[in-house]
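[1] sharing a sequence plus its predicted fold:
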Amino acid sequence: MNPVPDILRILPEVILTLTGVAVMLIDASLPPGFPRRYLGMAAAVGTTLALWASVGQLYFPQGTGFFGTVETSAFTIFFHVLICGIVLVALLLSLDTLPEDSHHQGEFYALIVFGAVGMCLLTGAVELLVVFIALEISSISTYILAGYRKNTGSGPEAAIKYFLLGSFATAFLLYGVALIFGATGTTQIYEIAHLAPTAQNHSFVLAGLALMLVGILFKVSAAPFHVWTPDVYEGAPSPVVALLSTAPKAAAFALLLRVVYEMFPSLHSLWSPLLWIVAVLSMTVGNLAALRQQNVKRMLAYSSIAHAGYLLAAFAGLGTSGIAAASFYAAAYAAMNVGIFAVITLVSGYDEKLPLIDDFRGLIYRSPLLGSLLIFFLVSLVGIPFTGGFFGKFYSFSAAVGGGAVWLAIIGLLNSGLAAAYYLRLALAAAQRPEKKNAEAAIPAPQVGIAVGAALLLAVAATLVLGIVPNEVLRAAEAGAHTLQEPPAQVNAPGFSVAQEPKP
């Protein structure tokens, strides 16, 4: 078998990097009044090419490149496709909702693409220094995007809070990496997995794991590391929140899966109950806080904290069941969350003049399409059957029960019932007849352009596929799970097969 060239191991990242550089160079060469929308189209084309390049990596044997720092496997491909899909939808959403006169529009599209480079690299990195670099590439882009609306008070506030707290979290992660290196003498994940159980300074290993978990759990906005989430979601533009609430979290969850299941499987008895507690805190704190919110974006911010808890419940699962359930939930949550933020972007507008739940009253009468889609995505977030949210929670809680965490699954089910209260409150507001004063105000029906229509179509299709015929995606998630669990010589799953070489 001919070895795969190293550059092909990071082909999606290369395509995204070239796309971002091209967008920046073209933007700098265009006259000030020239429309920048075409740069967003170019970014969307480049992201689509990166997505297909990720799919093409299915035909590569599993292995590492660049001296064992990056890996191509079913696991990395699953998250590459997921992240590129999210970024593509976010770009399509931005094309129709970003005002033509907005400042530095070309840089906006380039930052999204550069952020995707870091997220994709983060899922494929098997060396901790590369993990840190990838995390910084992703984070710096999202810090800037969060403050894109700099003419508002909430925009810069969101960026500053996100940057300061994110910097502290990254410092925790880096300090954890340093302690692990001190205990094992290496930053290569496979070597750490082999050396950590017999390390002389075992306390360094434990402290390093704890510090790394702090940094990663901040990125997924799990309690008690969630305080940045509501303010950042409220201050950032809605297209950015659609990206911010899904793609970086998917990459961070992929890193968390690799750290606990692949790097420290021998410490399962320590990290499993810890994540059990964080899952319960996230579900409970997120749902209770969301019940009190009148601002839709803040409500969905606390909702995302609760969903981080639902996903963390899968980590109580044993072996491949927990990994596959967590991966599937990440895909399901991304589909429905991107969709609902697309609807909110169209209804509230770029300036978000209609931010409250009461502002959505009668939406289904003003715009039957958007009102129906809003209710559909809310129903999916609740976890009603025939939607992606149902099977996401089903697999996550099933993995928890299989791992012996029955009480965790029960708490998750109770929290799901609690979450239905605030989701259905927004759905009922959208379905109610508008009050006379609102009717007299004649709020114009939002216009759905071609690009944002394509984004909504992709989100709806993904949510329905994951809720009606989830088997193919679940097989892909299971194939990826096997690559983190000492895979056999060959993994074959219908529609998703990767020939594998032994791990280094």
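    Okay, I see it.

[2] so E352 lies in a helix, does it not?
    No. Using DSSP: H, G, I helix; E, B strand; the rest coil, the secondary structure at E352 is coil, not a helix.

[3] wouldn't it be in contact with S238 here?
    Yes. Using CB atoms under 8 Å, E352 makes contact with S238 at a distance of 7.0 Å. Any C-beta I mention is one placed from the backbone N, CA and C, and that applies to glycine too.

[4] quickly list what's touching both of those two.
    Residues within reach of E352 and of S238 at once, by CB atoms under 8 Å, 6 or more residues apart in numbering, are K297.

[5] the two - which one has more neighbours?
    Taking other CB atoms under 10 Å, E352 and S238 do not tie; S238 has more neighbours (24 against 21).

[6] I'd like to know how far the more buried one sits from H80.
    Distance, S238 to H80, using CB to CB, to the nearest Å: 25 Å.

[7] same check on T187?
    T187 is 22 Å from H80, where distance means CB to CB.

[8] so which of the two has more stuff around it?
    H80 (28 against 19).

[9] and the more buried one, helix, strand or coil?
    Relying on three-state DSSP, one would call H80 helix.

[10] from the chain's centroid, how far away is stretch 206-224?
    In terms of CA atoms, centre = their mean, to the nearest Å, the centre of stretch 206-224 is set 16 Å apart from its chain centre.

[11] so for that stretch, what gets flagged as buried?
    By 16 or more other CB atoms under 10 Å, the buried positions in stretch 206-224 come out as 206-209, 211-223.

[12] state the number of residues packed around the nearest residue to R433 once chain neighbours are set aside.
    Distances taken as CB to CB, 6 or more residues apart in numbering put G362 closest to R433, at 5.9 Å, once the chain neighbours are dropped. Other residues near G362 come to 19 when the count uses other CB under 10 Å.

[13] from F168, how far off is G362?
    Separation of G362 from F168 (CB to CB): 44 Å.

[14] over to L408?
    29 Å.

[15] higher neighbour count, those two?
    Counted by other CB under 10 Å, L408 and F168 do not tie: L408 has more neighbours, with 27 against 13.

[16] what strand or helix carries the more buried one?
    Here L408, judged by DSSP states H and E, is contained in helix 406-431.

[17] and that helix, which residues are buried?
    Residues 408-409, 411-412, 415-416, 418-420, 422-423, 425-427, 429-431 are the ones in helix 406-431 that count as buried (16+ other CB under 10 Å).

[18] same check, this time on stretch 462-473
    Buried residues in stretch 462-473, counted by 16+ other CB under 10 Å: A462, T463, L464, V465, L466, G467, P470, V473.

[19] show me the contact partners of that stretch.
    Here stretch 462-473 makes contact (CB under 8 Å, 6+ apart) with 85, 328, 331-332, 334-336, 339, 376-377, 380, 385-392, 494-496.

[20] what about the helices in the stretch 401-504 of the chain?
    Using DSSP state H, counting those that start in this stretch, the helices of the stretch 401-504 of the chain run over residues 406-431, 436-441, 450-468, 471-482.

[21] for those, give me JSON lines that also has distance to P32 and mean pLDDT.
    Below are the helices of the stretch 401-504 of the chain laid out as JSON lines (distance: least, CB to CB, whole Å; pLDDT from 0 to 100):
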{"stretch": "helix 406-431", "distance to P32": "40", "mean pLDDT": "94"}
{"stretch": "helix 436-441", "distance to P32": "37", "mean pLDDT": "50"}
{"stretch": "helix 450-468", "distance to P32": "24", "mean pLDDT": "94"}
{"stretch": "helix 471-482", "distance to P32": "45", "mean pLDDT": "93"}
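
[22] for the strand or helix carrying Y302, name the packing helices and strands.
    Per DSSP H and E: Y302 is located in helix 296-313. Contact partners of helix 296-313 among helices and strands, from 3 or more CB pairs under 8 Å, 6 or more residues apart in numbering; DSSP states H and E: helix 229-235, helix 247-257, helix 268-290, helix 320-348, helix 388-402, helix 406-431.

[23] so in this protein, which helix runs the longest?
    Criterion DSSP state H: the longest helix present in the chain is helix 154-184.
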